[in-house]
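Peer 1: Based on what follows, work out the 3D shape:
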Amino acid sequence: MLRSPLSIDEIVPLPSTKVGLGVLGRPIAHSISPILHHAALANLSLNEPNFSNWKYERIDVDPKDLSHALTELQMSGYIGLNLTIPHKVEILRILETVNDEAKLMGAVNTLHYEHEKWVGYNTDGYGLSRGISNDLSFDVNESNVLLLGAGGAARAAAVQCLLDGCNRLFVVNRSLERLKNLVTPLIQKFGSHRVTGSDIKNFSLCEFENKKWLVVNATSIGLKEDDPSALPFSCSLLGKGSAVYDMIYNPLKTTLLKDADHAGLLSANGLSMLVFQAAKALEVWTQQKVSAEIMMKAAKDYFLKSNE
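Peer 2: Take a look at the predicted model:
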């Protein structure tokens, strides 16, 4: 059972025996992260009973209050946090220390309070890579990737796909400024022969028509049931062997994924990415090996009960 998201004003200091974890975002009500983490913590507590005192909350935080929220949470006994829309990039202005992976990706989705300060990590790239491999059996190496979006999740996805050896990365975004902010440093590091992009206004379909692409949606388009497809053209125009991965997992079937199904393409939602990145984050906080399988079972059981 999911508790309602908390506001920062509702955060109260935890007893010394308790340890706080949470996910910060706005919107945040769609997140099922507590389901995953509580299942994994219950499993860890079989060998280490103290983990039964760890709790994980959804916390609604306005971007302008992010710094204040981190102070309040640390003082209240929270030692680990996940970040989702819209905090993954903005957090870099606040943090003194981020690990090399997060620095390269230009985004942070995991915080750990260590040595009297918050330290930033990124487990999104790992989660995406494992998710695509697990759900689509699609080899990113030497493939062409069409990435939708230029926010924090897109930054991690872009770098991970390039590190995984994609032949070409094409980024599409509504805002030209945000697109340039993402693409420019990637071109400097990986080369213009591998990284290109376009805003929606100047988007050209001929790049993709009847060609094999892996489409990755890293936008928030699809979170609402009546949202259109995040892709600016029909999936049916993509070439044979193309696949679609939508980072959104709630709802399980976005308009983009329905379009991919209609076109007969292999497709998957972002539940596997959520699970693998969550397991990696919990390993950062607990310094224990975490079972992604237990997290996935908890997630699937939740959606099964929700649809009854």
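
Peer 1: hey, let's count contacts and neighbours off CA atoms from now on
Peer 2: Fine.

Peer 1: Sketch out the strands for the protein, chain order is fine.
Peer 2: Shown for the chain, the strands assigned by DSSP state E span residues 6-7, 19-25, 54-60, 78-83, 97-98, 110-114, 117-121, 144-148, 168-173, 195-199, 214-217, 243-246, 266-268.

Peer 1: In TSV: these, plus distance to residue 286 and mean pLDDT.
Peer 2: Below are those laid out as TSV (distance: least, CA to CA, whole Å; pLDDT from 0 to 100):
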stretch	distance to residue 286	mean pLDDT
strand 6-7	23	97
strand 19-25	11	98
strand 54-60	10	98
strand 78-83	9	98
strand 97-98	18	97
strand 110-114	10	98
strand 117-121	14	98
strand 144-148	33	98
strand 168-173	35	97
strand 195-199	37	96
strand 214-217	31	98
strand 243-246	29	98
strand 266-268	29	98
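
Peer 1: Compare the ones you listed and report which one is nearest to residue 39.
Peer 2: Residue 39 sits nearest to strand 54-60 of all those, at 10.6 Å, using CA to CA.

Peer 1: Determine the number of other residues adjacent to the nearest residue to residue 233 once chain neighbours are set aside.
Peer 2: Leaving aside its chain neighbours, residue 233 sits nearest to residue 205 (7.8 Å; criterion: CA to CA, 6 or more residues apart in numbering). Residues near residue 205, counting by other CA atoms under 10 Å, number 12.

Peer 1: helices or strands up against the worst-scoring helix or strand of the chain on mean pLDDT?
Peer 2: Lowest by mean pLDDT, DSSP states H and E among the helices and strands of the chain is helix 100-105, with a mean of 91. Where contact means 3 or more CA pairs under 8 Å, 6 or more residues apart in numbering; DSSP states H and E, helix 100-105 is packed against strand 117-121, helix 152-163.

Peer 1: okay, these, which one's buried deepest?
Peer 2: Most buried of the helices and strands packed on helix 100-105 by mean neighbour count (mean count of other CA atoms under 10 Å) is helix 152-163; its value is a mean of 24.

Peer 1: Alpha carbons of that helix, as CSV, please.
Peer 2: Provided in CSV are the C-alpha atoms of helix 152-163 (Å, rounded to 0.1, in the frame of the first residue of the first chain):
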residue,chain,number,x,y,z
GLY,A,152,18.1,14.9,-16.7
ALA,A,153,16.9,11.4,-17.7
ALA,A,154,17.8,12.1,-21.3
ARG,A,155,21.4,13.2,-20.3
ALA,A,156,22.0,9.9,-18.6
ALA,A,157,20.4,8.0,-21.5
ALA,A,158,22.5,9.8,-24.1
VAL,A,159,25.8,9.2,-22.4
GLN,A,160,25.0,5.6,-21.6
CYS,A,161,24.0,4.8,-25.2
LEU,A,162,27.3,6.3,-26.4
LEU,A,163,29.3,4.4,-23.8
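
Peer 1: Please tell me how far the closest residue to residue 45 other than its chain neighbours sits from residue 248.
Peer 2: Using CA to CA, 6+ apart and skipping residues adjacent in sequence, the residue nearest residue 45 is residue 51, 4.8 Å away. From residue 51 across to residue 248, the span is 29 Å (CA to CA, to the nearest Å).

Peer 1: With residue 234 instead?
Peer 2: From residue 234 to residue 248 the distance is 19 Å (CA to CA).

Peer 1: So the two - more neighbours on which side?
Peer 2: The neighbour comparison of residue 234 against residue 248 (other CA under 10 Å) goes to residue 248, with 24 against 14.

Peer 1: Next, find the distance separating the more buried one from residue 286.
Peer 2: Noted for residue 248: a distance of 27 Å to residue 286, by CA to CA.

Peer 1: one step back: pull the least confident helix or strand of the chain out as PDB, backbone CA atoms only.
Peer 2: Only the C-alpha atoms of helix 100-105 are listed here, as PDB (Å, rounded to 0.1, in the frame of the first residue of the first chain):
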ATOM      1  CA  ASP A 100      32.500  10.600 -12.100                       C
ATOM      2  CA  GLU A 101      29.600   8.900 -13.700                       C
ATOM      3  CA  ALA A 102      27.100  11.600 -12.700                       C
ATOM      4  CA  LYS A 103      29.600  14.300 -13.700                       C
ATOM      5  CA  LEU A 104      29.900  12.800 -17.200                       C
ATOM      6  CA  MET A 105      26.200  12.500 -17.500                       C
END
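
Peer 1: Which parts of that helix count as buried, going by neighbours?
Peer 2: For helix 100-105, burial by neighbour count (16 or more other CA atoms under 10 Å) applies to 101-102, 104-105.

Peer 1: again with stretch 277-285
Peer 2: The neighbour-count check on stretch 277-285 (16+ other CA under 10 Å) flags 277-282, 284-285 as buried.
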